[in-house]
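Novice: quick one, structure for this:
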Amino acid sequence: MYPQSVYVAILLAYVVIGACTIAFLRGIKGVMAAVIVGWLLLPPTVGINLPGLPPFGKDAAVAYAVLLGMLMVEGKAISSFRPRLLDVPMFIWIVVPFFSSVTNGLGVSDGLSEIYLRVMSWGIPYFAGRVLIRTPGDVRTAAIWVVLSGLIAMPLALWEIRMSPHLHETVYGFPVAKFHMAVRLGGYRPMLFMRHGLEVGLWMATASAAGLWLLLAGRGTVKLMGHRINGFAIVLFGTTVLCRSLGALILLFGTTAAALFVRSTGLRIVFVALLLTPSVYLSVRLTNIVRAEQLSSIIALYNPDRAFSFEARLGQEEFITDHALKKPIFGWGGFNRYRPTNEFGETTPVDSMTMITLGKNGVVGLITLLAMNLIPPLMIILRLPGRELARPFWAPTIAILLGVTIYSMDALFNAFATPVHILGLGVLATVATQVRPWRLKLREAQMAKHNTEKQQAYLDIDPTQPFRSEQQ
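Specialist: Residues are numbered from 1 along each chain as shown. You can find the predicted model right below:
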């Protein structure tokens with residue numbers, strides 16, 4: 001392992017590199033490039049964490065790069081931005097840790113530190129998506145870069161699938177996770193420069209879902225490096241399967257199947273059900289209507305080994321919930337106080353983003369998290385007729401929506417929020433406010449095209465030839 005100063009220098013250097021990337025590429029393209037490259041290549045578990053100073057790690061380096069780059073070239077867009085009612089859940093999500101700290105006697109300083117962390121990891125990527133999406137072309141660019149996020153990671157993933165996951169140790173001098181966690185299904189699960197192989201699986205599944213939808217619904221209107229996206233999407237999907245992340249694959253297959261059903265039938269209720277799944281699941285589990293044994297027995301019909309693991313996870317979930325609801329409104333705050341202690345005095349690990357949120361920030365935080373992930377995509381689905389969802393014009397929007405849906409469902413069992421998913425939330429929030437004016441402009445453009453074609457057909461008539469009626 002190198003001296004800590006080396007890692008800090010790398011993170012600080014990327015703030016400059018990422019900001020320059022944004023200044024060079026400009027707009028949503030620059031931000032997506034800076035976010036994707038930074039998250040893929042920077043080390044995840046190092047940085048500055050000194051008493052009295054705000055933490056500075058991978059998420060902060062990416063956030064500072066985005067903020068600095070936008071201030072350099074997007075000052076006009078930032079100054080003209082006006083928050084909407086749709087942004088309230090994100091605002092609450094950012095400030096609720098302050099109340100969790102204060103109500104637990106952890107102090108104002110701790111509360112402000114928690115707000116800072118939320119701004120870095122959530123607020124800035126979301127804000128970038130809200131500010132930089134101005135036209136349907138910007139949404140198309142964002143969707144293409146979501147696919148590119150998987151294609152950029154693909155060579156690294158294939159290398160680790162073949163050679164075993166040692167890239168992080170080779171480059172940065174220490175492993176990011178225990179090696180046995182990478183051995184899955186008779187091969188290796190890549191870890192790259194992320195926190196876990198599960199995060200890599202989620203990343204690749206998000207890119208694959210976007211690529212498959214652009215392939216199926218884009219109808220050749222979305223191109224990547226001047227070529228149709230078809231081959232890229234198929235290769236990306238194959239690599240995702242090889243990543244051996246079963247949960248991510250289930251989410252990928254489920255969301256893609258739902259999207260295909262909507263495309264074929266125009267029944268948007270399937271998308272609505274998909275978006276409501278996290279809320280319904282948590283309502284059922286927190287009220288204990290369905291026991292862990294009942295759910296695991298269903299999994300056991302297909303994979304007994306996974307059923308045992310799933311039941312253990314659900315049992316852990318019940319134990320954590322009982323502890324979390326002792327502080328139901330704003331939770332237990334930080335310093336791992338949300339993690340319950342068993343009869344042996346050992347703290348219980350908490351893997352789920354939703355359970356961590358319930359424990360740290362209570363019911364207020366959990367409801368806010370669900371609302372933040374649900375409201376923008378649901379507004380888009382409800383404001384578009386079912387048949388229109390499969391039109392090429394909306395293909396980039398639905399591609400991003402599928403990726404965000406995969407993340408929100410994965411948050412039920414894991415805690416791997418990435419700035420790409422959060423930026424996607426900002427993109428969807430902007431689109432939700434623009435669906436009606438964009439539909440109106442699209443209709444006007446189609447009518448103008450139709451009238452032009454009729455006029456051209458009239459002009460193409462040879463005046464020397466008799467009309468059909470005269471021939472008769």
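Novice: just want the most central residue of this structure.
Specialist: His421 (2.1 Å; Cα atoms, centre = their mean).
Novice: excluding chain neighbours, what is closest to that residue?
Specialist: Tyr407 (4.1 Å; Cβ to Cβ, 6 or more residues apart in numbering). For every residue, glycine as well, the C-beta is placed using N, CA and C.
Novice: so how far is Ala415 from the one you found?
Specialist: According to Cβ to Cβ, to the nearest Å, Tyr407 stands 11 Å off from Ala415.
Novice: more neighbours: which of those two?
Specialist: Neighbour count, other Cβ atoms under 10 Å: between Tyr407 and Ala415, Tyr407 has more, with 24 against 18.
Novice: and the host helix or strand of the more buried one, how far from the chain's centre?
Specialist: Tyr407 is part of helix 395-410 when elements are defined by DSSP states H and E. In terms of Cα atoms, centre = their mean, to the nearest Å, the centre of helix 395-410 is set 7 Å apart from its chain centre.
Novice: tell me the first helix or strand C-terminal of it.
Specialist: helix 419-459.
Novice: and that next one, what's its mean pLDDT?
Specialist: For helix 419-459, mean pLDDT rounds to 83.
Novice: packing partners for it?
Specialist: Packed against helix 419-459 by the contact rule (3 or more Cβ pairs under 8 Å, 6 or more residues apart in numbering; DSSP states H and E) you find helix 27-41, helix 58-73, helix 124-132, helix 136-163, helix 197-217, helix 353-383, helix 395-410.
Novice: helices or strands up against the first one?
Specialist: Using 3+ Cβ pairs under 8 Å, 6+ apart as the contact criterion, the secondary-structure elements in contact with helix 27-41 are helix 4-25, helix 58-73, helix 124-132, helix 136-163, helix 419-459.
Novice: relative orientation of that helix and helix 197-217 in degrees?
Specialist: 140 degrees (axes from the mean of the first three to the mean of the last three Cα atoms, to 10 degrees).
Novice: and what of the last one?
Specialist: Here helix 395-410 runs at 150 degrees with respect to helix 197-217, directions being taken by the same axes, to 10 degrees.
Novice: what average pLDDT does helix 395-410 get?
Specialist: On average, helix 395-410 scores 95.
Novice: so what does it touch, helix or strand wise?
Specialist: Helix 395-410 sits against helix 136-163, helix 197-217, helix 246-265, helix 269-286, helix 353-383, helix 419-459, with contacts defined as 3+ Cβ pairs under 8 Å, 6+ apart.
Novice: shaky segments in this structure?
Specialist: Residue ranges of the chain with pLDDT under 70: 51-52, 290-313, 343-346, 450, 453-472.
Novice: so Phe193 touches Val46, yeah?
Specialist: No. The pair Phe193 / Val46 is not scored as a contact, 11.1 Å apart, by Cβ atoms under 8 Å.
Novice: what sits in contact with each of the two?
Specialist: Tyr172 (Cβ atoms under 8 Å, 6 or more residues apart in numbering).
Novice: what about Ile250, distance to Leu202?
Specialist: When Ile250 is compared with Leu202 (using Cβ to Cβ), they lie 12 Å apart.
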